[in-house]
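Peer 1: no sequence on this one, just coordinates:
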């Protein structure tokens, strides 16, 4: 992860333009694989990039979490008059689980937007929405942070053995209106542990500082 301390709003816009230009060049080289940048604002620059599930329990098995959200589904459906179709859990057959079944993904996003601990880290396609979340609820004189994440710089994604891997999940689902108003996308980090898929901490991937994938820049915004 690269940290960049910004001095003012003009500096912010200049840095964002530099990032967008970098991504534009990557897309010209590999238009089918290079990723659009995602942004996440946090009101304290010291906070880790943690999912709400990480804050409750780290390194949770995917099977255990899935069975939990299936078990509460009847109660949630009874209170919301909504319905979701969730199949029995099936262990992923490799380290990539890029495409959630639509019903399952929609249900998990619904839970995420209503405060249920989630393995998804939420991002926005807009640097301005990200900056809004960074600075709109400042309660101290601590600096804030805007994270910019580019999953694939045109080289494709890969993971060795049982290393953790981050995968983005697309925006094209029916979800809470906040999902669309905030231009949300989501990432998950997973790792194969003892032959089972587990949700993992994103920062374990970012610490590798791979120059070809999972680019993360932390812009520190002066409060």
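Peer 2: Ah, there it is. Bear in mind the structure is a predicted one, so any value in this text is a computation, not a measurement.
Peer 1: next, the buried residues of stretch 164-172.
Peer 2: 164, 165, 166, 167, 168, 169, 171 (16 or more other CB atoms under 10 Å). In this view, the C-beta of every residue, glycine as well, is placed from N, C-alpha and C.
Peer 1: same check on stretch 156-163?
Peer 2: For stretch 156-163, burial by neighbour count (16+ other CB under 10 Å) applies to 157, 159.
Peer 1: and the helices in the chain, which stretches?
Peer 2: 9-29, 52-56, 62-80, 102-113, 127-135, 177-181, 203-206 (DSSP state H).
Peer 1: measure residue 53 to residue 114 for me?
Peer 2: Between residue 53 and residue 114 the computed distance is 14 Å (CB to CB, to the nearest Å).
Peer 1: buried residues in stretch 36-52?
Peer 2: If you call a residue buried by 16+ other CB under 10 Å, then stretch 36-52 has these buried ones: 37, 38, 39, 40, 41, 42, 43, 45, 49, 51, 52.
Peer 1: actually stretch 58-74, sorry about that
Peer 2: Under the neighbour-count criterion of 16+ other CB under 10 Å, stretch 58-74 has 60, 62, 65, 66, 69, 70, 73 buried.
Peer 1: how much space separates the fourth one from residue 195?
Peer 2: Noted for residue 66: a distance of 16 Å to residue 195, by CB to CB.
Peer 1: that older thread, switch the helices of the chain over to a markdown table; also include mean pLDDT.
Peer 2: Below are those laid out as a markdown table (pLDDT from 0 to 100):
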| stretch | mean pLDDT |
| --- | --- |
| helix 9-29 | 93 |
| helix 52-56 | 93 |
| helix 62-80 | 94 |
| helix 102-113 | 83 |
| helix 127-135 | 92 |
| helix 177-181 | 70 |
| helix 203-206 | 90 |
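Peer 1: what's the closest of those to residue 92?
Peer 2: Counting by CB to CB, residue 92 lies closest to helix 62-80 out of those; the figure is 7.4 Å.
Peer 1: ok now that closest one, how far from the chain's centre?
Peer 2: Its chain's C-alpha centre and that of helix 62-80 lie 22 Å apart, by CA atoms, centre = their mean, to the nearest Å.
Peer 1: what's that helix packed up against?
Peer 2: Applying 3 or more CB pairs under 8 Å, 6 or more residues apart in numbering; DSSP states H and E, one finds that helix 62-80 contacts helix 102-113, strand 196-199.
Peer 1: on that earlier part again, make TSV out of the buried residues of stretch 164-172 and add pLDDT and distance to residue 92.
Peer 2: Converted to TSV, those look like this (pLDDT from 0 to 100; distance: CB to CB, whole Å):
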residue	pLDDT	distance to residue 92
164	89	14
165	89	11
166	90	15
167	88	11
168	85	16
169	79	14
171	63	22
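Peer 1: neighbour-wise, which of residue 53 and residue 114 wins?
Peer 2: Between residue 53 and residue 114, counted using other CB atoms under 10 Å, the more crowded position is residue 53 (20 against 12).
Peer 1: wait, that one touches residue 117, no?
Peer 2: Yes. Counting by CB atoms under 8 Å, residue 53 sits close enough to residue 117 to count as a contact (4.5 Å).
Peer 1: what's the local residue count around residue 13?
Peer 2: Neighbour number of residue 13 under other CB under 10 Å is 14.
Peer 1: look up how far residue 160 lies from it.
Peer 2: For residue 13, the distance to residue 160 - CB to CB - is 38 Å.
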